[in-house]
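Trainee: Here you go, sequence then predicted model.
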Amino acid sequence: MTPQRPTPYPEPFLSPDPKTVAGSRIADFARWAARQQRAEAIQDPTDYQALHHWSVTDLEGFWAAVWEYFDIDATTPYERVLAEETMPGARWFPGATLNYAHHALRNLHPDAPAITALDETGAGYEITGRQLRAQVASVAATLRDLGVGQGDRVVGYLPNTPHALISFLATASLGAVWSVCGQDYAPKAAADRFAQLEPTVLITADGYLFNGTTHDRRAASLELADALPNLKATVLVDHLGTAWPENRHTGLTVPWDDAATRTEYLTITSVPFDHPLWIVFSSGTTGLPKGIVHGHGGVLLEHLKILGLHCDLGVGDRLLWYTTTHWMMWNLVVSTLLTGATTCTYDGSPAPVARPDVLWDLAARHKVTVFGTSPQYLLAMAKLGIEPSAHDLSAIRAVGSTGSALPASAYPWVRDHVGAGIQLASTSGGTDVVSAFAGSAPTTPVWAGELSAPHLGVALAAYDDAGRPVVDQVGELVVTRPMPSMPLHLWNDPDGSRYRDAYFGAYPGVWRHGDWITLSSHGSVIVHGRSDATLNRNGVRLGSADIHDIVERLPEITEALVIGVEEPDGGYWMPLFVVPAPGVALDDVLREKIRAAIRACASPRHVPDEILAVPAIPHTRTGKKLEVPVKRLLQGAPAEQVLNPAAVDNPDLVAYFARLGTERRQARHPHTVKDAS
């Protein structure tokens with residue numbers, strides 16, 4: 001039995017403005033496809049559902065249209081669009097050779113800003129298209145001189161500054177393979193990722209800024225370099241302005257200023273469509289993080305589709321999306337350049353204590369057109385009483401939100417405090433495809449608490465327990481036809497068995513992502529949480545996200561986490577952990593208020609057995625709640641088998657929840673329970 005869910009909203013929260021729709025790039029694409037006889041069935045370019053239907057029933061026609069509409073510049077042409085559709089193993093655009101970096105640089109105006117570099121102090125500087133090309137050419141020449149060739153790996157231990165973006169494009173231009181993680185990772189945690197790749201060069205910074213504090217990472221950087229025995233050199237970035245220690249590292253080191261200020265001509269290597277572009281890593285909550293390999297061509301097409309059509313980005317636009325370098329959103333933000341728009345990097349806390357509204361201030365000052373963030377950020381802004389509209393946000397036409405489902409309560413807050421008529425684009429995807437499965441577009445209505453529609457080219461379905469597609473019922477999120485940005489393979493998985501088990505083990509030939517969703521009859525997508533963390537009470541499955549949404553609307557609660565624990569004696573315990581807002585105590589009155597809200601907005605079955613205050617909720621470093629690991633800790637699994645502390649935003653919480661589980665088991669079975677933490 002699949003989870004119950006609240007009834008979807010019958011009327012849209014926001015309907016798109018007809019003038020905006022008519023002028024959007026996605027409508028222009030639909031008109032162009034019809035004229036080119038790519039999509040003859042599309043009578044109305046503003047009919048998103050018809051466009052989506054064509055995009056998933058005629059994969060070859062749709063992706064050929066994306067290729068032509070965005071004028072992909074291939075050195076050699078493709079033989080056909082989709083030579084093999086079987087998943088895994090789909091073969092896209094065989095014969096084509098190209099390079100992602102060429103497309104990222106070709107549409108930039110020489111004298112207009114390509115990158116706006118920002119930080120939490122409000123400071124910033126710009127890098128023009130000409131300057132970016134020159135720095136990429138210089139760093140590429142440096143890497144080549146250091147022995148980097150096609151297929152070699154270059155890794156970055158870097159904050160979200162232009163250095164990371166320039167290093168990536170330089171690496172890609174050579175046909176080498178890029179990977180990056182943020183400097184809040186300890187050296188060992190970074191080495192757990194990078195050592196698998198046997199990189200040739202490490203590019204690392206002296207530190208980063210966060211919440212008013214500069215974090216010196218010089219010693220950590222050199223420790224990481226020592227943990228990568230295959231390195232030929234380390235490039236040292238002077239970001240904070242601190243001097244690097246002398247005689248502390250035996251390997252070759254190159255100052256960033258030397259690497260990036262040479263006068264060089266940029267020569268770009270053409271590679272096959274499916275040549276590896278970058279390696280992104282799973283959260284790595286248990287064992288070594290999983291390296292996911294994506295290709296030049298698949299990323300190029302997928303990101304042009306999502307940014308150019310769904311986000312409506314083009315020349316003259318500016319995107320500011322808060323991210324860190326180890327989150328897949330960094331990869332997507334870099335791809336803003338593919339559209340000719342300006343991308344903003346940001347170093348710092350999204351809401352520093354001294355200036356919690358700094359992102360809104362920067363968005364106003366730099367005329368940002370697409371502003372991206374997370375549900376937690378928007379909810380925090382509301383609870384802190386921040387008034388974004390105190391700044392001139394008239395340039396913003398869309399606010400994107402991802403990392404988890406955006407609760408319905410955030411929609412009116414954005415309308416009332418950011419701007420009426422702004423498209424609120426709640427989006428759901430994954431590092432695995434480095435893209436989105438569902439979100440919105442300028443031509444789609446917006447329903448509060450729902451994602452407007454499956455994305456173009458994504459054959460999204462919800463499967464019931466028998467593996468049948470269902471509508472208006474909760475089911476497993478699956479993708480039934482291939483996407484170009486699905487992984488080429490996993491790193492160090494020569495026979496493909498880990499890849500098959502991870503995504504195709506449940507339904508052979510069908511991608512299972514691990515989320516509970518509902519596809520509504522009005523075309524929207526509702527995300528209920530991870531399917532492997534589903535609550536199962538008396539045979540009735542409940543979506544955890546539905547409870548989180550209700551509880552986190554309450555002003556007294558900062559964040560919530562509900563867990564369902566199957567106990568050895570056959571019992572079932574469903575606690576709700578809450579983080580009270582500053583100055584608020586969790587007493588019986590507040591507990592009853594929480595229960596009443598859940599009972600009224602969901603059902604009596606959703607009411608937890610206990611409500612417990614905790615200091616914080618543990619997340620992955622990309623902001624996702626650790627539901628399954630917390631469940632296993634509460635069940636008594638040893639902490640070292642459940643979670644890698646380096647993968648948790650607050651490692652102290654691992655021991656905290658393990659201790660909670662031990663204390664409960666000792667209280668229930670005082671003579672048999674041993675401390676498993």
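Mentor: Received, thanks. Numbers count the residues shown, from 1 in each chain.
Trainee: Show me the shaky parts of this protein.
Mentor: Scanning the chain for pLDDT under 70 picks out 1-9, 39-41, 247-250, 283-287, 531-534, 536-543, 568-571, 668-677.
Trainee: Could you look up the SS state of residue 512?
Mentor: strand (DSSP: H, G, I helix; E, B strand; the rest coil).
Trainee: For it, give the beta-bridge partners.
Mentor: residue 478 (DSSP bridges).
Trainee: okay, now it: neighbour count?
Mentor: Close neighbours of residue 512, defined as other C-beta atoms under 10 Å, add up to 18. For the C-beta atoms, the positions are set from N, CA and C on the backbone; glycine is no exception.
Trainee: ok, now residue 324?
Mentor: 21.
Trainee: what sits against it?
Mentor: 159, 160, 182, 184, 330, 621, 622 (C-beta atoms under 8 Å, 6 or more residues apart in numbering).
Trainee: So it belongs to a helix, correct?
Mentor: No: with three-state DSSP as the criterion, residue 324 is coil rather than part of a helix.
Trainee: how close does it get to residue 199?
Mentor: Distance of residue 324 to residue 199, computed by C-beta to C-beta, to the nearest Å: 20 Å.
Trainee: Now do the SS call for residue 399.
Mentor: Per three-state DSSP, residue 399 ends up strand.
Trainee: Quick one: residues contacting it.
Mentor: So residue 399 contacts 370, 371, 372, 373, 414, 418, 422, 423, 424, 425 (C-beta under 8 Å, 6+ apart).
Trainee: Mind doing that once more with 6 Å?
Mentor: 371, 414, 422, 424 (C-beta atoms under 6 Å, 6 or more residues apart in numbering).
Trainee: Walk me through which strands the one helix or strand the last one maps to pairs with, and which way each runs.
Mentor: In this assignment (DSSP states H and E), residue 424 forms part of strand 423-426. Applying DSSP bridges to the sheet, strand 423-426 is found paired with strand 398-401 (parallel).
Trainee: hang on, the earlier thing: what's the following helix or strand after the strand holding residue 424?
Mentor: Taking DSSP H and E, what comes next after strand 423-426 is strand 428-430.
Trainee: which outside residues touch whichever helix or strand comes after that next one?
Mentor: Next helix or strand after strand 428-430 toward the C-terminus (DSSP H and E): strand 435-439. For strand 435-439, contacts defined as C-beta under 6 Å, 6+ apart pick out 302, 306, 310, 425, 427-429, 451, 454-455, 458, 460, 485, 525.
Trainee: for stretch 297-314, same thing?
Mentor: Residues contacting stretch 297-314 (C-beta under 6 Å, 6+ apart): 24-26, 29, 66, 70, 93, 100, 103, 273, 277, 335, 338-341, 370, 435-436, 439, 441-442, 484-485.
Trainee: can you give me the offset of the helix or strand that contains residue 257 from its chain's centre?
Mentor: Element membership for residue 257, per DSSP H and E: helix 256-260. Helix 256-260 has its average C-alpha position 30 Å from the chain's average C-alpha position, going by C-alpha atoms, centre = their mean, to the nearest Å.
Trainee: That helix - contacts with which helices or strands?
Mentor: Contacts defined by 3 or more C-beta pairs under 6 Å, 6 or more residues apart in numbering; DSSP states H and E place helix 256-260 against helix 129-145, strand 233-237.
Trainee: Let me know how buried the closest residue to residue 518 other than its chain neighbours is, in neighbour terms.
Mentor: Spatial nearest neighbour of residue 518, excluding adjacent residues (C-beta to C-beta, 6 or more residues apart in numbering): residue 526 at 4.3 Å. Using other C-beta under 10 Å, residue 526 has 26 neighbouring residues.
Trainee: where does residue 526 land in three-state SS?
Mentor: Residue 526 - assigned by three-state DSSP - is strand.
Trainee: I'd say it and residue 449 touch.
Mentor: No: Residue 526 lies out of contact with residue 449 (C-beta atoms under 6 Å); the separation is 7.0 Å.
Trainee: returning to what we had before: name the residues that touch the helix holding residue 257?
Mentor: 135, 138, 139, 142, 235, 237.
Trainee: and which of the contacts of strand 435-439 is nearest to residue 515?
Mentor: residue 428 (7.2 Å; C-beta to C-beta).
Trainee: Next one: residue 414 from residue 383, what distance?
Mentor: 14 Å.
Trainee: neighbour count winner among these two?
Mentor: residue 414 (22 against 17).
Trainee: Mind telling me what element the more buried one is part of?
Mentor: helix 410-417.
Trainee: repeat for residue 546
Mentor: helix 544-552.
Trainee: could you pull out the strands for the stretch 251-400 of the chain?
Mentor: Along the stretch 251-400 of the chain, counting by DSSP state E, counting those that start in this stretch, strands occupy 253-255, 271-272, 276-281, 291-295, 318-321, 342-347, 370-373, 398-401.
Trainee: now residue 462, nearest residue through space, not along the chain?
Mentor: Per C-beta to C-beta, 6+ apart, closest to residue 462 is residue 475, 3.2 Å.
Trainee: what do you get for residue 18?
Mentor: Residue 18's closest residue in space is residue 46 (C-beta to C-beta, 6+ apart), at 7.9 Å.
Trainee: With residue 653 instead?
Mentor: residue 618 (4.1 Å).
Trainee: so how many other residues sit close to the one you found?
Mentor: 26.
Trainee: Report the contact partners of it.
Mentor: Taking C-beta under 6 Å, 6+ apart as the test, what residue 618 contacts is 626, 648, 653.
Trainee: just residue 392 next, same as before
Mentor: residue 364.
Trainee: With the one 5 residues further on instead?
Mentor: With contacts taken as C-beta under 6 Å, 6+ apart, residue 397 has the following neighbours: residue 369.
Trainee: Quick check: residue 440 touching residue 425?
Mentor: Yes: using C-beta under 6 Å, residue 440 is in contact with residue 425, at 4.4 Å.
Trainee: Which one of these two is surrounded by more residues?
Mentor: residue 440 (29 against 24).
Trainee: Please name the nearest non-neighbouring residue to the more buried one.
Mentor: According to C-beta to C-beta, 6+ apart, the nearest residue to residue 440 is residue 452 (3.6 Å).
Trainee: again with residue 65
Mentor: residue 38 is the one closest to residue 65 (C-beta to C-beta, 6+ apart), at 4.3 Å.
Trainee: again, but for residue 460
Mentor: residue 454 is the one closest to residue 460 (C-beta to C-beta, 6+ apart), at 3.9 Å.
Trainee: For the one you found, grab the count of nearby residues.
Mentor: 26.
Trainee: what's the answer for residue 122, then?
Mentor: 12.
Trainee: how near is it to residue 323?
Mentor: From residue 122 to residue 323 the distance is 19 Å (C-beta to C-beta).
Trainee: Please enumerate the strands of the stretch 1-150 of the chain.
Mentor: According to DSSP E, counting those that start in this stretch, the strands that the stretch 1-150 of the chain contains are 82-84, 91-92, 97-98, 113-119, 124-128.
Trainee: doesn't residue 456 fall inside a helix?
Mentor: No: read with three-state DSSP, residue 456 is coil and lies in no helix.
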